[in-house]
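Asker: predicted model and sequence follow; I will ask about them next.
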Amino acid sequence: MQLDAHGLSHVGHVRDHNEDSFHVGERLFVVADGVGGHAAGEVASALAVETLKQLEEASPDTPESVRKALRESIADANTAVLDDAAAHPERAGMGTTLTALVVVGEQAVLGHCGDSRAYRLRDDVLEQMSTDHTAVQEAVEEGILTPEQAHTHPARHTLTRAIGLDAEPEIDVSQAHELRQGDRWLLCSDGLTEVVHDDALALALGGANDPERTAQQLVDAALAGGGPDNITVVLMTVRPREQSA
């Protein structure tokens, strides 16, 4: 199975530095959005992504072994952030979201903590594959808020989970997802989804552009919407089968 992928990050129009980090590898794709103020957030996100890169060299070859390795790597990332904060008191309280996709054969496993998101476009239908770990999302699930109210709620960025904030964070690790030819996976920080809504995401992902051009299109759309936060996208496409002559 052949994959085409590209990642892109932009500071946006308002922030003076970029606290997002990402990775595009052969089988590992990651987005992390740091929190904790100047310098600290970007340290946390970079540490988390760097820790997960061990999965590129690891050799788990079944979905279950990948699930185990991914969970352990995210826990290692959490420890790395906590240890660095303990060694540098000026970074106390730093953390990061983390959303990672690991491909094994013709399947993929998603690991997630925070409110960066994973989407899949299949047969022109966009599906959010991750769940935001925020107080507002919990209120939606409890029927207290509607999704429309949640999108503009003043507490929508209040995280209930993040890497580096607890000694043993709760981590979502999915069952294996089947990969199909033509699937497009998008991992992104909330600097994109705060501005570019699902219908616009689906339209961009459904176009014929390659991942590099589509990633640029998404970042441009967020910038056109004001770019109030750092914007990071990682786009992975399962290449369609070549048509026979």
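Answerer: Everything's here; your move.
Asker: show me what the helix or strand where residue 109 lies is packed up against.
Answerer: Assigned by DSSP states H and E, residue 109 belongs to strand 107-113. In this structure, strand 107-113 packs against helix 63-87, strand 98-104, strand 172-173, strand 177-178, with contacts taken as 3 or more C-beta pairs under 8 Å, 6 or more residues apart in numbering; DSSP states H and E. Every residue, glycine included, has its C-beta placed from N, CA and C.
Asker: tabulate those (TSV), appending distance to residue 120, mean neighbour count and mean pLDDT.
Answerer: What follows is these, written out as TSV (distance: least, C-beta to C-beta, whole Å; neighbours: other C-beta atoms under 10 Å; pLDDT from 0 to 100):
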stretch	distance to residue 120	mean neighbour count	mean pLDDT
helix 63-87	16	18	96
strand 98-104	10	26	97
strand 172-173	15	18	97
strand 177-178	8	14	97
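Asker: nearest to residue 129, out of those?
Answerer: strand 177-178 (7.4 Å; C-beta to C-beta).
Asker: packing partners for that closest one?
Answerer: strand 107-113.
Asker: could you tell me the angle between the strand holding residue 109 and strand 98-104?
Answerer: Between strand 107-113 and strand 98-104, the angle comes out at 170 degrees (axes from the mean of the first three to the mean of the last three C-alpha atoms, to 10 degrees).
Asker: what packs against the helix or strand just after strand 107-113?
Answerer: Following strand 107-113 in sequence order, the next helix or strand is strand 117-122 (DSSP H and E). Helices and strands touching strand 117-122, by 3+ C-beta pairs under 8 Å, 6+ apart, are strand 98-104, strand 125-128, strand 184-188, helix 198-205.
Asker: all good on my end, thank you.
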